[in-house]
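Trainee: The sequence and its predicted three-dimensional model are supplied below.
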2 protein chains.
Amino acid sequence: MSIRVSWRYSLNLTGTIVKWLAVPLCFPLLVALYYSEPVAPFLVTMGVTVLFGWLLEQLDGDDRLGPREALLMVSLTWLFVGLLCAIPFVVAGRGTIAHPINAAFEAMSGITTTGATVLREFDIHSRSIMMWRQLTQWLGGLGILILATAILSQLSVGGARLMETETQYDSVDKLTPRIEDTARLIGKLYLGFTVATIAVLYGLYLGGLAPNMHLYNAVAHAFTSVSTAGFSTEPLSIEAFAPIVHWVLIVVMFLGSTSFVLIYFVLKGNIERLRNSEEFRFYLGTVLVFSGLIVSILLLKENPTGTGFPETFRQSVFNVVSIITTTGYANANFDLWSPFAKHLLFMCMFLGGMAGSTTCSIKSLRWLVVFKAFRRDLFTVIHPEAIRPIRLSGTTVDEDTIRDIYSYTLIAVVGVFFVTVLIVVNGARTGLYDIALGFSEFDALGAAASTFLNIGPAFGAAGPYGTYDVFSMSTKAAMVAIMWIGRIEIIPVLVLFTRSFWQS
Amino acid sequence: MSIRVSWRYSLNLTGTIVKWLAVPLCFPLLVALYYSEPVAPFLVTMGVTVLFGWLLEQLDGDDRLGPREALLMVSLTWLFVGLLCAIPFVVAGRGTIAHPINAAFEAMSGITTTGATVLREFDIHSRSIMMWRQLTQWLGGLGILILATAILSQLSVGGARLMETETQYDSVDKLTPRIEDTARLIGKLYLGFTVATIAVLYGLYLGGLAPNMHLYNAVAHAFTSVSTAGFSTEPLSIEAFAPIVHWVLIVVMFLGSTSFVLIYFVLKGNIERLRNSEEFRFYLGTVLVFSGLIVSILLLKENPTGTGFPETFRQSVFNVVSIITTTGYANANFDLWSPFAKHLLFMCMFLGGMAGSTTCSIKSLRWLVVFKAFRRDLFTVIHPEAIRPIRLSGTTVDEDTIRDIYSYTLIAVVGVFFVTVLIVVNGARTGLYDIALGFSEFDALGAAASTFLNIGPAFGAAGPYGTYDVFSMSTKAAMVAIMWIGRIEIIPVLVLFTRSFWQS
Ligand SMILES: [K+]
Ligand SMILES: [K+]
C-alpha cells in the first residue's frame, strides 16, 4: 500500500527539535548567573542536547512526512526531550532528584505537564534548578498546544479531527490554515498569556496584596498555571500564597484549559463563537457542577481543611478547577476530605478542559460527544427507523469520529485500571505498603489516573502535600513511560507497537 | 413520528408472564410436601402472583408490541418477578432473609442470576426454601436466554443485533426464525442441559464419587450451574464437594456460558460452526490465559488456600471459569490470594462468556469487537486512506453496531465506578467501615462489579465465603436496582428515563 516508514527522517526532525532545547536552557542559566549559583547543570545539558540533536540530524532518509513519520517524531520528541530535561537535576546532584530515575520522573512529569513530584525537600535546591523545573512545564505546555492544534488535528487520533472543525468552523473566517502559521499564532498567544499572568501576579506583589509573590515566584507560577501543569516552588503549593492569588490562578487555569483557538477568536472580537461553543458551555458546566457539589459536602459536613464559608468556597472551587483543568495545584490538603468529596475529585480527573488547550485527560470535547452519542443511542433503540446525526456547535459530527472518540475514552478509562494494577502489584512486590502505611486501592487508582491523565497529585501518600518518592524505582520508571504515553494521547505510542507501522 | 407508548399493553403482557410464575412455584411446594415442611410460603406466593398477574392483565391498551412496549415489558417483568420471588422468604420468616429488603435482595440476586447472598446461616432454612432460592436462578437463566436470543436481538441494544448474525449465519441453515420458535427451541435445550447435569451429578453420588451430592444437591446445583448463577445450598459453596464435582461443574459452567445457538448447531452435527466461531475461540482463550496466569502466580508464591499442584490447578481453573462465566461459585477462599491474583479475578469479572448464553457481564462478543475495532483504528491512523471493515467469523460487522458496542462497554465500565462510589459513600454514612473492618476501595469495586455485572461474590467482607449482609439496608436496596439494571443489559431501563420514550 505504501512504502516503509522513514524513521531516519523522523529522527532527523526530532534532532532539530532537540537541538532547539538549548535556547530555553539559557533562561535557568541566566537565573543561575543572577543568583551566583552553579551553571554546570545547564551548560552540560546544553552541550549534550546540541550534540545529541546534531547526531540525530546526521541521519537522512526520505524527505517525506506522512502520518507514520509524524507519529514517530511526536513520540520520540516527547521521550527524548523528557529525558534530556532530567540532566540538570542529575548534574546538580542534590536531594532525591539527583538519582537518574527520579530525575527522569521529575523531568518527564515536567515536560508532560503532569506535575507529580518526587521531591522531598524543596529548600535544598538552587533557585535556578527550581526555575528549570517550572520551565519544563511551560515548554511542555507549548509543545502540546502545537501538537494538538497543528499536528494531531491533521491525523485521526482519538477524534482529534473534530477539533479541526472547531478550527475551521467558518470557511470564510478560518484560522490560518497552514501548520506553521497555526503553530506561530498559537505560540504568540501562549507567550502573551504568560506575560500577562506574570504581570498580574507580580502586580499583586507590588500592590502589597501577595507578600511572597515576588518576581521569581510570579514567573515560576505563571509558567505552570498557563500550561495547566502544576509544579510549584512552594511545598504547600498555592496554600503558601494570599487568597487573592488563588482566585487569580483559578482564572488563569480556567483560561489555560480553554481552547486557544476560541480565545484567539474572542480576542479578535468574535464573541458569537464563544456563545456558540457547546464544548465551552459543557466545560464551564462541569466546573460549576463539581464545585457546587464539593462546596455543599464540605459545608454540610465539617470541612477538615478550613473554617467558614469564604475559605471552604475558595478551597472547593480552586481544587475542582485545578483537577478539571488537569493543573494539579492545591490550596488545601484535599486528601483529608470525606470519601464522597475525594471520589468527586477522582471523577474530575477524567474530565479535562477543552481540546486545543494545554489541558490533559480525556477532555470535555470527547465527553460531550460521548454523552450526545449515548443519548442518541437511547433514542434509536426506541425509534430504530430514525436517523439522527450528532451536531456539535451547529456542525454535524462524522460517525467515524464518534467511534474514534468512544474508543479513545474507553482505552483511557481501561488504561487507568491497568496502571492501577501495575502500581498495586509492583507495590506489593517492592514493599510500598510498608513505606506508605494505609496506602489503599483508592490511592493507587488516584496515582494511576494522575500519572496517565497527567494531573499531578493524587491521594494518600501521593496526595497534594505528599511525594511520589514513596513508590519504588521500578514503579517510578514505569510511571515515566505512563506519563509519556498519556500526554501524547496514547495512540501515537501504541501504533509504534503494531506490525503494520513498520511494514512497507 | 409514532404514537404514545402502549404501557397498558406492556403491563398486560407482564401480567401474563407473572401469572405463569405460579407453575414453577409448584416445585418447591412439592419439595415442602415431601419433607413435611411448611407450604404456606409457596401457597401465599402463588396466590399473590396469580392475583397480581390477573390485575395487570385487566389493563388493556393498543394491541401493539413495538420496541418501546417490548423494552418496558422486559424491564417490568424482571422487576416484578424479582420482587414476587421474595415473598416465600418473608413468609417463611427465618434468618436474615425474613426482612423484606433482604428478601428482595436475595430474590433479585436469584432471578438476575447474580448469586450474591445476604444469608448468614444456611442450616436454619427449610429445604424447600433453599430449593426455591436455587430455582429462582434457573428461572432467571431461562428468562435471560429467551430475552437475549428472541427479544434483545430484535432491538439494537448494545450491539445485540450482532448475535443475530451469528444466529442467521447461513441463510439456508438459519435457526428457526420466529421469536416463539426460537424461544421454544432454546428452552428445550436448556431443559435438556439441566436434566443431563442432574444425571451426571447424581451419577457421581450413586457411583460413590461424591458422597454429599445426593439428589437434592444434584438438582440444586444443576439449577445454578447451567444458569451460570452461583447460589449454593452449602456455605462453603463447591468446596463442600469432592474434586470430581469441581471438574464436572467447570464443564457445565463453561457450556452454560457458550452460545446456545452454537450448541444447538454442534448438537445437530455442524462442527464447522464451532471451528469458525471467533467468539468461541476468544472466550476459550480468555479462560485459558487467565487460568494460566493465576495458576502461575499461586505456584510461584505460596498458595494460601491449598497445597500441591493438583489442588492449586483445580482452584485456579475453577475460580477463573466461575468468574468469567459469571457463575460465582467458589471452591477456595480466593479473597486470601495475592493482590495480583485478586486483580486478575477482578478483570475476569468484566469479561463474561458468549452472547446468547446465560452469562452476564460485558461478554466476549463485545470485547472481541472492541479489540478488533481498536486494532483497526490503530491501522487507519497510519493509513487514513484505507477502508478496513471489521469481520467476525467471516461476516462484516456494521459500523453502527461497532459504535453501539463501544458505547455499551464504556457505560458498563463507567457504571461500575458509579456503583463503587455509591457503595463507598453510603457505606461511610451508614457505618460499613465499623462493621466490615478493613473494607477497602478494592472490595467496594469488587462488590460494584459483582452486582452490576451479576457475578455474585466479590472480595473482603463480600468475598466468596462472606455475606452482603454487611451492607446497610439502603445499600442493599440500591443493589436490588443495580442487579436488575445490569442483568437486562442496562439500556432497557435507561431508556425508560428518557423523555422521548414517553412522548408520542
Ligand atoms: K498537571
Ligand atoms: K452469577
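Mentor: Okay, I see it. Ligands and ions are numbered 1, 2, ... in the order given.
Trainee: Determine the angle, from 0 to 180 degrees, between the longest helix seen in chain A and helix B:399-430.
Mentor: Identified as the longest helix of chain A according to DSSP state H is helix A:399-430. Interaxial angle, helix A:399-430 versus helix B:399-430 (axes from the mean of the first three to the mean of the last three CA atoms, to 10 degrees): 40 degrees.
Trainee: Who are the packing partners of helix A:399-430?
Mentor: Packed against helix A:399-430, as judged by 3 or more CB pairs under 8 Å, 6 or more residues apart in numbering or on different chains; DSSP states H and E, are the following elements: helix A:161-167, helix A:364-382, helix A:432-435, helix A:441-452, helix A:473-487, helix B:339-349, helix B:364-382, helix B:399-430. To be clear about C-beta, it is placed using only N, CA and C from the backbone, and glycine gets the same treatment.
Trainee: for the ones you listed, which one sits closest to ligand 2?
Mentor: With CB to the ion, the closest approach to ligand 2 among the helices and strands packed on helix A:399-430 belongs to helix B:339-349: 10.1 Å.
Trainee: what are the phi and psi values for A:Ile390?
Mentor: As for A:Ile390, its main-chain torsions (degrees, to the nearest 10) stand at phi -80, psi 130.
Trainee: is it in a bridge, and if so with what?
Mentor: A:Val397 (DSSP bridges).
Trainee: I figured it hits A:Ile402, correct?
Mentor: Yes: counting by CB atoms under 8 Å, A:Ile402 is a contact partner of A:Ile390 at 6.2 Å.
Trainee: Out of those two, name the residue with the larger neighbour count.
Mentor: A:Ile402 (23 against 17; other CB atoms under 10 Å in any protein chain shown).
Trainee: That one contacts A:Phe374, doesn't it?
Mentor: No: taking CB under 8 Å as the definition, A:Ile402 is not a contact partner of A:Phe374, at 10.1 Å.
Trainee: Around ligand 1, which positions in the stretch 51-200 of chain A sit nearby?
Mentor: Within reach of ligand 1 by CB under 5 Å from the ion, the stretch 51-200 of chain A has these residues: A:Gly115.
Trainee: And for chain A?
Mentor: Residues of chain A lying near ligand 1 (CB under 5 Å from the ion): A:Gly115, A:Ala229, A:Gly230, A:Thr326, A:Gly328, A:Gly456.
Trainee: closest to chain B among these?
Mentor: The closest of the residues of chain A next to ligand 1 to chain B turns out to be A:Thr326 (CB to the nearest CB; 18.7 Å).
Trainee: quick one: secondary structure of the closest one?
Mentor: coil (DSSP: H, G, I helix; E, B strand; the rest coil).
Trainee: Then the one 4 residues further on?
Mentor: Following three-state DSSP, A:Ala330 is assigned to coil.
Trainee: following the lowest-mean-pLDDT helix or strand in chain A, which helix or strand shows up next?
Mentor: When the helices and strands of chain A are scored by mean pLDDT, DSSP states H and E, helix A:161-167 comes last with a mean of 51. For helix A:161-167, the following helix or strand on the C-terminal side (DSSP states H and E) is helix A:179-206.
Trainee: so which residue of the stretch 351-500 of chain A comes closest to ligand 1?
Mentor: Ligand 1 sits closest to A:Gly456 of the stretch 351-500 of chain A, with a gap of 4.1 Å, by CB to the ion.
Trainee: Identify the residue spatially nearest to that residue, adjacent ones excluded.
Mentor: Leaving aside its chain neighbours, A:Gly456 sits nearest to A:Gly328 (2.4 Å; criterion: CB to CB, 6 or more residues apart in numbering or on different chains).
Trainee: For that neighbour, list the residues it contacts.
Mentor: Contact analysis of A:Gly328 by CB atoms under 8 Å, 6 or more residues apart in numbering or on different chains lists A:Thr114, A:Gly115, A:Ala116, A:Ala229, A:Gly230, A:Ser322, A:Ser450, A:Ile455, A:Gly456, A:Pro457.
Trainee: Can you list which of these are found in helices?
Mentor: Per DSSP H, helices hold the following members of these: A:Ser322, A:Ser450.
Trainee: are any of the contacts of A:Gly328 buried, and which?
Mentor: Among these, the ones that count as buried by 16 or more other CB atoms under 10 Å in any protein chain shown are A:Thr114, A:Gly115, A:Ala116, A:Ala229, A:Gly230, A:Ser322, A:Ser450, A:Ile455, A:Gly456, A:Pro457.
Trainee: Pretty sure the third one sits against A:Thr451.
Mentor: Yes: with contact taken as CB under 8 Å, A:Ala116 and A:Thr451 are classed as touching, separated by 6.0 Å.
Trainee: what do these two both touch?
Mentor: A:Met479, A:Met483.
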